[in-house]
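Novice: I would like the atomic coordinates for the input below:
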Amino acid sequence: MPRNFIYIIMDSCRYDSYMRARTPNMDRISEGHQRWSYASWTAPSHHSIFMGQVAHRSPSRVLASEVYKKEFAKWVDRLDVPDLSFTSFVPELSLAKVLSGHGYRTTGRVSMPVLNPFTGFKRFFDDYKLMSDHNDFAGMIEGVEFSDSQPSYYFMNLGETHYPYMLKDDSLPIISGVHGVVKGMDEAIARTGDSATDMASDEDEFFSQEDMTSLHEQQVRCVEYVDELLGSLIEKAPKDTHFIITSDHGECFGEGDYFGHGPVMHEKVFEIPFLEGRKP
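Specialist: Below is the predicted model of the structure:
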């Protein structure tokens, strides 16, 4: 029987947040290293991930098509499924479709609303759900079950490492243009009759470096929280289960006067951790 497979995306987790965190359970799987995401925000990056592409190393002096072929062929060793190659993925270009065709039960659990079942990301999953809570890796783990007669593929998109990094209300710094405007936009528009664009332009202040440093530290703590929960998932998983733990994109915490990700062209938005290995 092919190996069970757990694919975890720590949404928005940039590489140095992972490196600064204490991650004894991730270390049980493998030592992580830096890679690059194919996109700067959740939806397009997950489209690439769901195709079966993993984060890349930005190799030089090589044709992109050759890189893709070699990466797709690695699924053979990862899962002990013989004869997998890029041609196994066409025309659907879906990892869930390929694994389903090899007998896997495919389960998707996502935290980001842009990945909700109506967007099409649920294609070829036997069971796919948008979690009701942004930060519910614990709930995802609670629902995990393995079979002795059928291999399992679990895909998990985690919201804990995404803004607001598990912070709530008074714990959040007031960030003009991100937190303050969005939070009070409806009320302000109703009160003044101004448009959303007018309201945003009224906010002259951005945010302090102190706020950025604090938010970055909080993302590090979120990685450590995820790692604590990961221990119970590793215990649940049968021996030899293959894990990939990575991110869909990085984040800016003040570099180049940017915060966050999406419409941001900065290397920190593409710099992510990547680790993979099997439960001993």
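Novice: What sits closest to Ser30 if chain neighbours are left out?
Specialist: In space, Ser30 comes closest to Gly277 once its chain neighbours are excluded; the distance is 3.4 Å by Cβ to Cβ, 6 or more residues apart in numbering. Every C-beta, even on glycine, is put in place using the N, C-alpha and C of the backbone.
Novice: And what about the one you found, helix, strand or coil?
Specialist: Recorded secondary structure, Gly277: strand (DSSP: H, G, I helix; E, B strand; the rest coil).
Novice: That one: what's it in contact with?
Specialist: 29-30, 242-243 (Cβ atoms under 8 Å, 6 or more residues apart in numbering).
Novice: what does stretch 252-264 contact?
Specialist: Under the contact criterion Cβ under 8 Å, 6+ apart, stretch 252-264 has outside partners 12, 40-41, 163, 175, 178, 206-207, 209, 212-213, 215-216, 219, 249-251, 266, 268-269.
Novice: Lowest average confidence across helices and strands of the protein, where is it?
Specialist: Scoring the helices and strands of the chain by mean pLDDT, DSSP states H and E places helix 180-192 at the bottom, with a mean of 41.
Novice: Among the contacts of Gly277, list the two that are farthest apart in space.
Specialist: Ser30 and His242 (10.4 Å; Cβ to Cβ).
Novice: hmm, back to that, show me just the buried residues among the contacts of stretch 252-264.
Specialist: Buried members of the contacts of stretch 252-264, counted by 16 or more other Cβ atoms under 10 Å: 12, 40-41, 163, 175, 178, 207, 212, 215-216, 219, 249-251, 266, 268-269.
Novice: Which SSE is immediately downstream of the longest helix seen in the chain?
Specialist: Longest helix of the chain, by residue count under DSSP state H: helix 209-236. Next in sequence after helix 209-236, counting helices and strands by DSSP states H and E, comes strand 242-246.
Novice: Pull out the buried residues from that following strand.
Specialist: Applying 16+ other Cβ under 10 Å to strand 242-246 flags 242-246 as buried.
Novice: Could you do stretch 75-88 as well?
Specialist: 75, 78-79, 81, 84, 86, 88.
Novice: Ok, stretch 23-35 next?
Specialist: Buried, per 16+ other Cβ under 10 Å, within stretch 23-35: 23, 25-26, 29, 32, 34-35.
Novice: what is the rounded mean pLDDT of that stretch?
Specialist: The average of the pLDDT scores along stretch 23-35 is 97.
Novice: Poorly predicted segments of the stretch 151-280 of the chain, please.
Specialist: 174-205 (pLDDT under 70).
Novice: Please enumerate the helices of the stretch 1-150 of the chain.
Specialist: 15-20, 24-29, 42-51, 64-73, 75-79, 86-89, 95-101, 137-142 (DSSP state H, counting those that start in this stretch).
Novice: This completes my enquiry, with thanks.
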